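Undergrad: Provide a 3D model corresponding to the input given below.
(one chain, ligands or ions: 1)
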Amino acid sequence: MEKHTKTSPSSAAEQNKILSKPRIFFGVLFVIISVVLTFSFVSYLLNWKADQSQAGTMLDKTVKSSNIFGKIGDWLGNLFIFESIGIAAFAVAFIFFVFGMLILKKNYFKPWKTFGHSLFFICWLPIFMGAITKGEGVLSGVYGFQIMDFLNSVIGTAGLWLVLFVSIALYFILEFNLNPNNIKSKLNDLNENTLGKVKAMMPSSENFEADDELEEIAKSDTEASNIITPTPAAAVPVEIPVKGFPEVEISNDFETIKTPNKTTFDGGEIPQKITVTETTAPEISLSPTTNSTPKSDDIDFKVEVAKTVDVLDESDQKSQELVNQHGLYDHKLDLAKFQMPTLDLLRDYGNEEISINREELEENKNKIVGLLKNFNVGIAEIKATVGPTVTLYEIVPEAGIRVASIKKLQDDIALNLSALGIRIIAPMPGKGTIGIEVPRKNPSMVSMRSVIASQKFQNTDMDLPVVFGKTISNEIFMADLAKMPHLLMAGATGQGKSVGINAILTSLLYKKHPSELKFVMVDPKKVELSLYSKIERHYLAKLPDGDDAIITDTHKVINTLNSLCIEMDQRYDLLKNAFCKNLKEYNKKFTERKLNPENGHRYLPYIVLVVDEFADLIMTAGKEVELPIARLAQLARAVGIHLIVATQRPSVNVITGMIKANFPARAAFRVISSVDSRTILDATGADQLIGKGDMLYFNGNEILRLQCAFVDTPEVEKIAEFIGEQKGYASAFMLPEYSSEEATSTVGAFDPNEKDALFEDAARIIVSTQQGSTSMLQRQLKLGYNRAGRIMDQLEASGIVGGFNGAKAREVLISDLNSLEQFLEELRK
Ligand SMILES: Nc1ncnc2c1ncn2[C@@H]1O[C@H](COP(=O)(O)OP(=O)(O)OP(=O)(O)O)[C@@H](O)[C@H]1O
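TA: Purely as a prediction, here's the structure:
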């Protein structure tokens, strides 16, 4: 179960802190080496001239070294500084320190980054020092000088400096992502952070002036009690003492601040200070009124516009620190190696180019024109657009022809063209023409492979992209399930509904990582969605006590739907606590480490509930299914729960008003009657389709005719296998536990055959501890409250514990385990 596989952060942190002995030994050793090297080097730099003459006298006791670490220190200094890399040797000491700390699990530094920086300076600094000192002294070391000398002879002094300059510049640009804008803003930051602080610490002459003036004001005021202490101002806003200035109105695009000229302090009136703070380019209009106030000539009025400073509050800073330390939260990390399904799993059905049969087009055109002429409908213009399964003939009728008169001719046109599936769209929305859709004699198939491979699908930034197939003008048609936000599908049997569901699921599987999306699958027919059981540990969600992730039993469907409602409520609570409006915002905040998992926050995957054969559910469970579905459909979109509900029988008692109102997106395959078409689409047309994936899609505004992409069962099987063979989570995603009310109210009507699987274990725990406590059962058996409560009710009904006793534990009616075993034996009979 993916939720439970992770150890708690605190215990993991504690484990992390425990150091093994070899770790301590090597860690401390590295740190000591680094200290010895550092002091040896410093000491060597101070005394190298004198000590160098003692080379080769390591074992001679009479020769003394002035290095702090004696001859060893001297030797180290000579080896690293003089004979090698000069002062860059300190970087070596630093590397030892960093790795020592790393071994001791003190992650002050990012080891590889630090190593990289050090290496750069080990290479660059000796050459630079060589170029500066020209080999004098030890700062460049022998290597530094030699390389510098070599470069000097090859590229000249100017070339050498150029190389040095360019390399250090590149280093800073790449490392600190510096560009002119960045540099400017960083300099500004520096200015504000350092100079600003210094300025703020030192009283400025303006402040003095202000203070003086305030003092004068205070003195001149007759009521001596009115002493104003200037409030400590933030660094930026300027406080302006205004004497007798009537009203200052500062307006910008967003707000207008009016400050009255006087404020009462402890009963006295004194001129007020005005704090002017601006956020965007402001328009300042100062409008002194004339009558009741003195002239403003004598005041020294300064306005300074405060710059917008991006102030991070404490929690933002904390999350920033966490991000700096660990990077953004990566929800894919648990299955980091997961590979999205590849294109070759889908079958290539060969050339899908639309072949234009000119004869057929011409023939149909003539028939349409001829027929309309017979009915006295003159045509000014006619145009054909060839799609995968239908050709759209768009006609512009002559002036004075009524649209309704053409619409009435639908059956006549169909008869004349001797074709099924003719649909007349009069008028074509936004086109000023009348459309007649005529099925092609040789329709081309739209394969799932071709639509998945399309740039449109590959480059989409939709949250839950669903590619349905192609439109009548042969364009790939995609929609975002997250925006739909729920989809109702209908179609008589054998018209392509199951293929449509598979196409939707396939599109999602090709785009979404298992950590981002979970399916709850309900399949009363038991065979349609069973293929997906292979991806249980990757993409499916189920109830904690559910055996199969694909739900086929009506009773379980009710529990699952109610559990989804609980999940929805929990998600709303999480969003509320995180001050987020929708799942996307919430997950973004979580990824940026602004939400603490210890407060229950977690990365929330989208949940897509797929119900194949809704009619069956409504027939067997009625309101019990309808209500949670309607509730989810009404509320769940913001928390990332989306519904796809399919039915063969779109009759009004299945797709009730309540359901329909909450499913703005509808997909209709061919249905039997125009009444069914009206039920699903609020319009006729679905009864005129030709089947085999020919569909109408209604997005709340307009109805589009589409050819659904075809994905065959073996293809789906391959995809499911490809995913199923990869490492998955420990189990399916667990939905919150839910038990129906009837199940919880079984007290008094104990049926031994209906008892919970853990009934006997619970009874043993209760009797051995002689405590009839539900919370103890919860703890010991690791159960949810509902289930533990249910078991306790069964224990009561069977006579093992007494009745509910308020806050106290229930009385245990069996005194020892032996008697209990006998009792259980009886029950089993
Ligand atoms: N998009 C499509 N392109 C081409 N042929 C299709 C398409 N969709 C369905 N078909 C054809 O129609 C047949 C029936 O489709 P499907 O199994 O999806 O029907 P259905 O509506 O789900 O039926 P049922 O409700 O009985 O399961 C498929 O076997 C296939 O031959």
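
Undergrad: flag every residue of the chain that's near the ligand.
TA: Contact residues, the chain versus the ligand (Cβ under 6 Å from any ligand atom): 445, 491, 493-499, 648, 692-693, 708, 710. For every residue, glycine as well, the C-beta is placed using N, CA and C.

Undergrad: quick check: the farthest pair among these?
TA: Across these, the longest distance by Cβ to Cβ is 23.4 Å; it joins M445 and Q648.

Undergrad: ok and the residue in the stretch 651-800 of the chain nearest the ligand?
TA: For the stretch 651-800 of the chain, the residue closest to the ligand is G693, as judged by Cβ to the nearest ligand atom, at 2.2 Å.

Undergrad: dump the residue contacts of that residue.
TA: Shown in contact with G693 (Cβ atoms under 8 Å, 6 or more residues apart in numbering): 389, 446, 469, 495-496, 499-500, 669, 707-710.

Undergrad: tell me the one of those nearest P397?
TA: Of all the contacts of G693, T389 has the smallest distance to P397: 25.8 Å, by Cβ to Cβ.

Undergrad: contact partners of stretch 92-101?
TA: Residues outside stretch 92-101 that contact it (Cβ under 8 Å, 6+ apart) are 26-35, 37-38, 41, 80, 85, 107-109, 111, 114-115, 118, 122.

Undergrad: quick one: distance of it to the chain centre.
TA: 38 Å (Cα atoms, centre = their mean, to the nearest Å).

Undergrad: would you map out the domains in this protein?
TA: Annotated domains of the chain cover 2-176, 358-439, 468-733, 739-828 [automatic domain parsing].

Undergrad: spatially central residue for this structure, please.
TA: N587 (3.7 Å; Cα atoms, centre = their mean).

Undergrad: nearest to the ligand within the stretch 201-350 of the chain, name that residue for me.
TA: Closest point on the stretch 201-350 of the chain to the ligand, by Cβ to the nearest ligand atom, is Y349, at 9.5 Å.

Undergrad: in this structure, which helix or strand is least confident?
TA: strand 262-265 (a mean of 32; mean pLDDT, DSSP states H and E).

Undergrad: list the contacts of V812.
TA: V812 neighbours (Cβ under 8 Å, 6+ apart): 766-767, 770-772, 800-802.

Undergrad: tell me which of those residues fall in helices.
TA: Taking DSSP state H, the ones among these that sit in helices are 766-767.

Undergrad: which among the contacts of V812 end up buried?
TA: Neighbour-count burial (16 or more other Cβ atoms under 10 Å) is assigned, among those, to 766-767, 772, 800-801.

Undergrad: the helices in the stretch 51-200 of the chain, which residues?
TA: 70-77, 89-103, 111-133, 141-176, 180-190, 196-201 (DSSP state H, counting those that start in this stretch).

Undergrad: for S731, phi and psi?
TA: Dihedral angles of S731 (phi, psi; degrees, to the nearest 10) stand at phi -160, psi -180.

Undergrad: burial count for it?
TA: 17 (other Cβ atoms under 10 Å).

Undergrad: what about stretch 80-92, how long is it end to end?
TA: 9 Å (Cα to Cα, to the nearest Å).

Undergrad: pLDDT on it, on average?
TA: Mean pLDDT, stretch 80-92: 88.

Undergrad: so of the domains of the chain, which one's packed in deepest?
TA: Mean neighbour count (mean count of other Cβ atoms under 10 Å) peaks for domain 468-733 among the domains of the chain, with a mean of 20.

Undergrad: OK, contacts around the residue of the stretch 201-350 of the chain closest to the ligand?
TA: 445, 447, 449, 710.

Undergrad: quick one on the thing from earlier: hmm, the residue nearest to the centre of the chain is touching H601, no?
TA: No. Judged on Cβ atoms under 8 Å, N587 makes no contact with H601 at a distance of 10.2 Å.

Undergrad: skipping its backbone neighbours, what lies nearest the closest residue to the ligand within the stretch 251-400 of the chain in space?
TA: Nearest residue of the stretch 251-400 of the chain to the ligand: T389, at 8.4 Å (Cβ to the nearest ligand atom). With Cβ to Cβ, 6 or more residues apart in numbering as the criterion, T389 has its nearest non-adjacent residue at 4.0 Å, and that residue is P443.

Undergrad: what of P664?
TA: Counting by Cβ to Cβ, 6+ apart, P664 lies nearest to G700, which is 4.2 Å off, once chain neighbours are set aside.

Undergrad: low-confidence ranges in the stretch 401-550 of the chain?
TA: Applying pLDDT under 70 to the stretch 401-550 of the chain flags no residue at all.

Undergrad: helix, strand or coil for I566?
TA: Look at I566: counting by DSSP: H, G, I helix; E, B strand; the rest coil, its state is helix.

Undergrad: returning to that earlier point: for V611, see how far away the residue nearest to P664 is.
TA: 21 Å (Cβ to Cβ, to the nearest Å).

Undergrad: ok, A683 next?
TA: 24 Å.

Undergrad: quick one: distance of the helix or strand harbouring I501 to the chain centre.
TA: Per DSSP states H and E: I501 is located in helix 497-511. Relative to the chain's own centre, helix 497-511 is displaced by 22 Å; criterion: Cα atoms, centre = their mean.
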